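Peer 1: take this sequence and fold it.
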Amino acid sequence: MAKSIMIQGTMSNAGKSLLCAGLCRIFRQDGYRVAPFKSQNMALNSFITADGGEMGRAQVVQAEAAGIPPDVRMNPILLKPTTDVGSQVIVNGKVLGNIRAKDYYKRKMEFVPDIMEAYRSLEEEFDVIVLEGAGSPAEINLKQDDIVNMGMAKMADAPVLLVGDIDRGGVFAQLYGTVALLEPDERARIKGTIVNKFRGDVSILEPGIKQLEDLCGVPVAGVVPYLHVDIDDEDSLTERFHTGSQRKLIDVAVIRLPRISNFTDFSPFERYENVSLRYVGKTEDLKDPDLILLPGTKSTIADLLWLRQSGLEASILKAASNGVPVFGICGGFQMLGKRISDPQGVEAAGVTEIAGLGLLDTETVFYGEKVQTQTKGVLSGISGIFRGLNGLEYEGYEIHMGRGGEKGAPVVDKGTVYGSYVHGIFDKGGICDELLRALCARRGVDFAALGSFDANEYKERQYDLLADGVRSGLNMDFVYKVLNREV
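Peer 2: Numbering: from 1, shown residues only. Coordinates of the predicted model:
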């Protein structure tokens, strides 16, 4: 049976996901078969596995770091918020339905058998399981019937390392306050603490570290530096949304919808030195981009209403009329069509029919059954500025409740407007290059000036850099003692 170690945090965005990915890479480098596990994840960024199951992207990243294919067993419960008070609940990769938060909390213990079946089967196949918690284990209003933090640690009998984010300030209070709010048996599971995202001279921290160790009764397992690695973030807390607005040789604007999902679709554009990728939520910030990207969303109708009310719809229509290419993915693709219908109230937006932007000759109808599939092939039938995409291989995955926009093709176009249901369509080598080459020709820019990269080699190098940074900050001898139950 696999050995286990769990990373819990003092709050959301303390760095749990990246630390788990770093540990997965380290254990793999050290010769272990390692798998990630998060019993319950709340995120709008999701992925479709080879067998058609849906899971959170954080565990996909961790699986990639571990050198193994993503598997829904690594994230048996996925919650995708649909409103402020409810989520679509996905169990072992399949949609259970939309459930209000208060009803889910009454029912969540029903899912323990699903969680433990997934965990036990991974235990039989791997040497090490790296578990990730969610939010904080000290949410005292939510601790009853917990299935993702200390509740999961107990079910898996996993030792815990508790991580705090010093970049936000107050890390000593975060760590000690969390420990203080735990029950005695929960405190006993914490074998060490981690100070994460540190910038500067570690020696400055030493007096505080000594006092923290005395207060918490466990060692500080390490001080991990603020790591500048290019690895997909999990959700809307990402720093990508707050990048600068300075225009580079080619400027790409992503519309930052309120319920934006799978924004990692656009990561390939970030890796060209002279391409600016900006997330835009206000009309005045759109400016004069070379390409407008409409992303996926968990609520197409609600976000289309926001687009209309914010004035960005009018700005997009004006840009398109001036020849600026517009490319929509999934929900963004649906918005570009003539009409969206939701006769069964699948999206719970209170609207059964709404006009789209009318830039594509497509109509979408929402049905209760979700399309969940991986897809690949060769692009064909594309016209306009991006006709150079024809003949290129693509691969990715589809996750959508709507039907009718596909037209049987991976990319639909009209003039300079394009749409696709394929998440990850820009990832395959050559596709992003060709898009940017066409934009360069339109702008009168030398494509070679953008810089280029080998996507797979780049990704692997980022995981290795992550592992190097985590190794440099953690006392790995101590971590292995925790893993081996020697402390």
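Peer 1: every contact and neighbour count from this point should use C-alpha atoms.
Peer 2: Will do.
Peer 1: any idea which helix or strand carries the closest residue to residue 388 other than its chain neighbours?
Peer 2: Nearest residue to residue 388, sequence neighbours excluded (C-alpha to C-alpha, 6 or more residues apart in numbering): residue 434, at 6.5 Å. Applying DSSP states H and E as the criterion places residue 434 in helix 431-443.
Peer 1: what is the rounded mean pLDDT of stretch 258-266?
Peer 2: Mean per-residue pLDDT for stretch 258-266: 90.
Peer 1: ditto for stretch 172-181
Peer 2: On average, stretch 172-181 scores 97.
Peer 1: kindly report the same for stretch 349-365.
Peer 2: If you average the pLDDT values across stretch 349-365, you get 92.
Peer 1: how about it: buried residues?
Peer 2: By 16 or more other C-alpha atoms under 10 Å, the buried positions in stretch 349-365 come out as 349, 352, 355, 356, 357, 359, 360, 362, 363, 364, 365.
Peer 1: ok so, going back, how many residues are close by the residue nearest to residue 388?
Peer 2: 19 (other C-alpha atoms under 10 Å).
Peer 1: tell me who's in contact with it.
Peer 2: 386, 388, 389 (C-alpha atoms under 8 Å, 6 or more residues apart in numbering).
Peer 1: out of the residues you listed, who's nearest residue 25?
Peer 2: residue 389 (34.6 Å; C-alpha to C-alpha).
Peer 1: do I have it right that the closest one meets residue 433?
Peer 2: No: with contact defined as C-alpha atoms under 8 Å, residue 389 does not reach residue 433; the gap is 9.5 Å.
Peer 1: which stretches of the stretch 301-450 of the chain have low pLDDT?
Peer 2: 405-408 (pLDDT under 70).
Peer 1: next one: the stretch 151-300 of the chain
Peer 2: 233-245.
Peer 1: helices and strands around the longest helix seen in the chain, which ones?
Peer 2: With secondary structure taken from DSSP state H, the chain has its longest helix at helix 455-473. Packing contacts for helix 455-473, counted by 3 or more C-alpha pairs under 8 Å, 6 or more residues apart in numbering; DSSP states H and E, involve helix 16-29, strand 220-225.
Peer 1: quick check, distance from that helix to the centre of its chain.
Peer 2: Taking the mean of its C-alpha atoms, helix 455-473 sits 18 Å from the chain's own mean (C-alpha atoms, centre = their mean, to the nearest Å).
Peer 1: keeping just the C-alphas, turn the helix or strand following that helix into CSV.
Peer 2: Next helix or strand after helix 455-473 toward the C-terminus (DSSP H and E): helix 476-483. This file holds the C-alpha atoms of helix 476-483, laid out as CSV (Å, rounded to 0.1, in the frame of the first residue of the first chain):
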residue,chain,number,x,y,z
MET,A,476,13.6,16.9,2.4
ASP,A,477,15.2,14.6,5.0
PHE,A,478,12.5,15.7,7.4
VAL,A,479,9.8,15.3,4.7
TYR,A,480,10.9,11.8,4.1
LYS,A,481,10.8,11.1,7.8
VAL,A,482,7.2,12.4,7.8
LEU,A,483,6.4,10.2,4.8
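Peer 1: chain center to helix 476-483, what's the gap?
Peer 2: 28 Å.
Peer 1: now swap in stretch 436-453 and tell me
Peer 2: On C-alpha atoms, centre = their mean, the centre of stretch 436-453 falls 28 Å from that of its chain.
Peer 1: check which residues of that stretch are buried.
Peer 2: 436, 437, 438, 439, 440, 445, 447, 450.
Peer 1: among those residues, give me the pair with the biggest separation.
Peer 2: 438 and 450 (12.5 Å).
Peer 1: so how far is residue 288 from residue 278?
Peer 2: 12 Å (C-alpha to C-alpha, to the nearest Å).
Peer 1: er, residue 455 actually
Peer 2: 28 Å.
Peer 1: residue 50 now?
Peer 2: Distance from residue 50 to residue 288, by C-alpha to C-alpha: 39 Å.
Peer 1: and those two? Which one has more around it.
Peer 2: residue 50 (16 against 13).
Peer 1: so who does the closest residue to the more buried one other than its chain neighbours touch?
Peer 2: Nearest residue to residue 50, sequence neighbours excluded (C-alpha to C-alpha, 6+ apart): residue 374, at 6.0 Å. Residue 374 makes contact with 48, 49, 50, 51, 52, 395, 396, 397, 398 under the criterion C-alpha under 8 Å, 6+ apart.
Peer 1: name the SS class of residue 374, please.
Peer 2: Look at residue 374: counting by DSSP: H, G, I helix; E, B strand; the rest coil, its state is strand.
Peer 1: against residue 164, how distant is it?
Peer 2: For residue 374, the distance to residue 164 - C-alpha to C-alpha - is 37 Å.
Peer 1: ok, now residue 93?
Peer 2: 31 Å.
Peer 1: repeat for residue 50
Peer 2: 35 Å.
Peer 1: could you do residue 46 as well?
Peer 2: Distance from residue 46 to residue 164, by C-alpha to C-alpha: 25 Å.
Peer 1: likewise residue 223?
Peer 2: 10 Å.
Peer 1: do residue 79 as well
Peer 2: For residue 79 relative to residue 164 (C-alpha to C-alpha), the value is 24 Å.
Peer 1: try residue 456
Peer 2: Distance from residue 456 to residue 164, by C-alpha to C-alpha: 31 Å.
Peer 1: tell me which of those two has more neighbours.
Peer 2: The neighbour comparison of residue 456 against residue 164 (other C-alpha under 10 Å) goes to residue 164, with 30 against 12.
Peer 1: verify the contact between that one and residue 198 for me.
Peer 2: No: between residue 164 and residue 198 there is no contact under C-alpha under 8 Å: 10.2 Å.
Peer 1: any buried residues in stretch 471-487, and which?
Peer 2: 471, 473, 474, 475, 476, 478, 479, 482, 483.
Peer 1: give the bridge partners for the nearest residue to residue 365 once chain neighbours are set aside, please.
Peer 2: Distance criterion C-alpha to C-alpha, 6+ apart; nearest residue to residue 365, sequence neighbours excluded, is residue 341 at 4.7 Å. Per DSSP bridges, the residues bridged to residue 341 are residue 353, residue 365.
Peer 1: tell me the contacts of residue 341?
Peer 2: 352, 353, 354, 364, 365, 366.
Peer 1: and which of those residues is nearest to residue 33?
Peer 2: Nearest to residue 33 among the contacts of residue 341, with distances taken as C-alpha to C-alpha, is residue 366, at 41.5 Å.
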